[in-house]
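[1] Sequence first, then the predicted structure:
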Amino acid sequence: MFKLYIDTDNASFIDDPGELARMLREAAGTLSVLPDRMVSGRMRDACGHVVGRWLYDPEVEHVSDVQQ
């Protein structure tokens, strides 16, 4: 199971159209070799603000929310 939450309602996404792609590449780099355990991370915009989270767990089929 993989879950991703990103709040794109801030200036970083307006000022830089490539910001979302940059953040997704960063998360993909962490997951380039899928681990056999649960891993998670925070998504930070160019200013360092946490704007999202992701979670990968190979043993779980459903997680209610990663926003918390």
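    Thanks, I have the structure now. Numbers count the residues shown, from 1 in each chain.
[2] in the top helix by length along the chain, what's buried?
    Looking across the chain with DSSP state H, the single longest helix is helix 19-30. Neighbour counts over helix 19-30 (16 or more other C-beta atoms under 10 Å) mark 19-20, 23, 27 as buried. Placement of C-beta: from N, CA and C, glycine included.
[3] One more: stretch 27-45?
    Of all the residues in stretch 27-45, those buried under the rule 16+ other C-beta under 10 Å are 27, 43, 45.
[4] Checking Phe13 next. Helix, strand or coil?
    helix (DSSP: H, G, I helix; E, B strand; the rest coil).
[5] and it, what pLDDT?
    We have a pLDDT of 90 for Phe13.
[6] contacting residues for it?
    19-20, 45 (C-beta atoms under 8 Å, 6 or more residues apart in numbering).
[7] Using CSV, write out every CA atom in stretch 55-64.
    The C-alpha trace of stretch 55-64 is given here as CSV (Å, rounded to 0.1, in the frame of the first residue of the first chain):
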residue,chain,number,x,y,z
LEU,A,55,3.5,6.2,3.6
TYR,A,56,4.5,2.8,2.1
ASP,A,57,3.7,-0.4,3.8
PRO,A,58,4.0,-3.7,1.9
GLU,A,59,2.0,-5.6,4.4
VAL,A,60,-1.1,-3.3,4.7
GLU,A,61,-3.8,-3.0,2.1
HIS,A,62,-5.4,0.1,3.4
VAL,A,63,-4.6,3.0,5.8
SER,A,64,-7.3,5.5,6.5
